[in-house]
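J.: everything below, folded, please.
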Amino acid sequence: MNNEERIMNKEGMGMKNNSFSQVDMVREAFHYQSRFKGSTMVFKIDYPVTEDPGFPYLVKDLALLAKTGFKVVIVPGAKEFIDTLLDMQNIAAMWTDTKVPARMTSTRAIPFVEMAAFHVATKFMTRLSGSKVDALIGNFVRARGLGVVDGVDLQHTGTVEKIYVNSISRCLDMGMVPILPCIGWSPSGKPYNVPSDEIALAAATALGAVKFFIVTAHRGLLAGKLKIPEGVETRTDGVRLTPHEAEVLLSANALHKPDAEPELQKTIKELELALRVCRSGVDRVHIVDGREEGSVLKELFSNLGAGTMIYADEYESVRSFRSSDLPDVLRLMEPLMLCMLEHQVLWELHTMAPKQKAILFRANELGVRFSATADAHYITGGWANISDHGKAEKIIDNLSLNRGNIY
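T.: Model (predicted):
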């Protein structure tokens, strides 16, 4: 083969590999779409995301999910906008000194809190309407007041008492997207300001959501500002944590929380929320940067993802081989088989499980050559004995495999 032919061959292989990569992406997307279609997913979206230029694209992605059979529930945060409105009215923002801080909402403040909450919710409805997806802002949350805490009457500050699951489910079954603002109502109709984190957590638990998304306006763990414990799977584009690893990470960074910069405090707060959601029964919680176009889709439809995931299920766990896995196994092994063929590497056999026959046949079709494991040849787990050599010889003969010799 001359140099020109080698160059053309490499270019052809590059195009082929690129084509395979694109096809694999499509296959992966279809796999996740079929797996989670019809499932409920709750999206808790921070207010700063709605002010980002990429917000319209985020809502388009959520609309796409709703159109393709996913049950999407949106819980918008409104903290920053509420702060702005209250400041314009010279109403000081005050927070409870509790494990999960809540805004202390006075009788004077609650109308402006409601105004801000519904304004933000309407921004989502407007964008969804533009994507031809029906949405509904509803009184889906029954709340009760927190009452008097440490001698202070919290007035219109509340907590979730009940999520009206049947009402939300009817909306989802009709293909609509329910939007839950940070307001709940008592049975008598009294409004309460309820943290959006609490509403999103309660909704995900009550609806049996399979996924919970925290959509932020910063990079979170990917910013590299928190101490990551050893053994945690990290990449430049994503972090994967078990609930235990998340607890270890939070413990390792506990000293940062009180005096940390705002972005770091948000990251810790989001991890705490994600852990609570995961502990409440939601298998997978994802934290993504909503400013990055397509971050939700990449995190949802890709095995690699684009953010932080805390998982309580068997994500990427080791299990026994199944017959249904064979096509994917062959697809993954084929590049290795071609590499063996290119470099004239022999496939040494000693024994064979019944399910491996199709793998051997595929390698044989590609031209890979086989040899019986040499006597006293070391294999995984110990030294092969003479009987292994004889079994391997029979496998090669019985399956009519291409035979190669060890020199």
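J.: shaky segments in the protein?
T.: Within the chain, the segments meeting pLDDT under 70 span 1-35, 98-100, 222-224, 231-237, 255-260, 303-305, 313-323, 350-355, 373-389, 405-407.
J.: list the contacts for the residue lying closest to residue 267 once chain neighbours are set aside?
T.: Spatial nearest neighbour of residue 267, excluding adjacent residues (CB to CB, 6 or more residues apart in numbering): residue 220 at 4.8 Å. Quick note: C-beta positions are derived from backbone N, CA and C, even for glycine. By CB atoms under 8 Å, 6 or more residues apart in numbering, the contact list for residue 220 reads 266, 267, 270, 287, 289, 307, 308.
J.: next one: residue 97
T.: Taking CB under 8 Å, 6+ apart, one finds residue 150 in contact with residue 97.
J.: which stretches in the protein count as helices?
T.: Along the chain, counting by DSSP state H, helices occupy 3-36, 47-50, 55-67, 79-88, 110-130, 165-173, 196-207, 243-252, 262-279, 295-301, 326-342, 357-366, 386-398.
J.: list the contacts of the second one.
T.: Defining contact as CB under 8 Å, 6+ apart, one finds that helix 47-50 is touched by 55, 58, 76-81, 120, 123-124, 215-217, 290-291.
J.: in that helix, what counts as buried?
T.: Under the neighbour-count criterion of 16 or more other CB atoms under 10 Å, helix 47-50 has 47, 48, 49, 50 buried.
J.: ok, the residue nearest the centre of the chain to residue 156 distance?
T.: By CA atoms, centre = their mean, the chain has its centre lying nearest to residue 286, at 4.1 Å. Residue 286 sits 32 Å away from residue 156, taking CB to CB, to the nearest Å as the criterion.
J.: for residue 335, same thing?
T.: For residue 335, the distance to residue 156 - CB to CB - is 62 Å.
J.: what about the two, which has more around it?
T.: More neighbours surround residue 156 than the other of residue 335 and residue 156, with 24 against 11 (other CB atoms under 10 Å).
J.: that one reaches residue 191, doesn't it?
T.: Yes. Between residue 156 and residue 191 a contact is recorded at 6.5 Å, counting by CB atoms under 8 Å.
J.: and residue 339, what is it in contact with?
T.: Here residue 339 is in contact with residue 345 (CB under 8 Å, 6+ apart).
J.: which among the contacts of residue 220 gets closest to residue 245?
T.: Proximity of the contacts of residue 220 to residue 245 (CB to CB) peaks at residue 308, which lies at 11.0 Å.
J.: would you confirm that that closest one contacts residue 287?
T.: Yes. Shown here, residue 308 and residue 287 form a contact pair, counting by CB under 8 Å, at 4.2 Å.
J.: between those two, which contacts overlap?
T.: In contact with both residue 308 and residue 287: 220, 221, 271, 274, using CB under 8 Å, 6+ apart.
J.: tell me, how many residues neighbour residue 242?
T.: Neighbour tally, residue 242, other CB under 10 Å: 15.
J.: OK, contacts around it?
T.: 310, 311, 312.
J.: neighbours around the first one, how many?
T.: Using other CB under 10 Å, residue 310 has 27 other residues around it.
J.: show me the contacts for it.
T.: Residue 310 touches 241, 242, 243, 246, 271, 274, 275, 278, 284, 285, counting by CB under 8 Å, 6+ apart.
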